[in-house]
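Visitor: Predicted model, plus sequence, below.
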Amino acid sequence: MSGRRETYSILSSVRICVRCHPSVSVTIILLYVLQGFTPILLTLSSGAVIDASIRLLGSQDYRPLFSSLSVLAVSYDWVSNQLTGLLRLRLQIAVRTKFCPRIVEHISRLNYRYVEDPGTWDLISRVAGHTDESILHAFDSLLSFLSLIQKTAGLFLILFFYAPLSSVGVIVCSLPLTWLSLQGGKASYAGICETQEYRR
């Protein structure tokens, strides 16, 4: 393959998306960051509503209940999900237009012996097929993972503040599940590699 040799990782998906459409990519990242605060706001606001309800059992003034941030957090969660979907489609079009032609160009410059080699062509078919979807999937997965860490850390801090022993139990139970999910992802990719030969 001619041209400069490049090595790609999951972080490369962010770089590619930002180069293809900077404003949309940055907006999606900001939406994911703000979504990371949604569970924290919902938890705190729900606790405030419960506390206010207990205090107002003997009165008829329920106006303090409507000052909660829960409605705002839920509304933002709904709107941001739909907005993220629209922006993702716009970003996919940009990636398909600006980056995917490079992949086709690189494949067209391959020597014939690479095309005839089953192992090389399996790798090309696995990597080059639906390149735009793969890049967007990596981009979404990375942002979702970082947002999940943000949500988990915020909820853990709240839980640790009110119930320290329970928070330790949650961590102990979540570590094996995290390990199992990583093993499942590796097994899934290994299955894709094995079936690529038959698809070819």
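Guide: Perfect, I can see it now.

Visitor: Can you tell me which helices and strands the helix ranked longest in the chain packs against?
Guide: In terms of residue count, the longest helix belonging to the chain (DSSP state H) is helix 164-199. Of the remaining helices and strands, those touching helix 164-199 by 3 or more C-beta pairs under 8 Å, 6 or more residues apart in numbering; DSSP states H and E are helix 118-128, helix 131-162. Where you see a C-beta, it was placed from the backbone N, CA and C, and this is true even at glycine.

Visitor: okay if I get those as CSV plus mean pLDDT?
Guide: Conversion of the helices and strands packed on helix 164-199 to CSV gives the following (pLDDT from 0 to 100):
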stretch, mean pLDDT
helix 118-128, 71
helix 131-162, 84
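
Visitor: Take these and write them to a markdown table, including distance to Lys98.
Guide: Compiled in a markdown table, the helices and strands packed on helix 164-199 are given as follows (distance: least, C-beta to C-beta, whole Å):
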| stretch | distance to Lys98 |
| --- | --- |
| helix 118-128 | 16 |
| helix 131-162 | 10 |
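
Visitor: Format the ones you listed as JSON lines; extra columns: mean neighbour count and distance to Thr195.
Guide: As requested, the helices and strands packed on helix 164-199 are exported to JSON lines (neighbours: other C-beta atoms under 10 Å; distance: least, C-beta to C-beta, whole Å):
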{"stretch": "helix 118-128", "mean neighbour count": "15", "distance to Thr195": "10"}
{"stretch": "helix 131-162", "mean neighbour count": "16", "distance to Thr195": "16"}
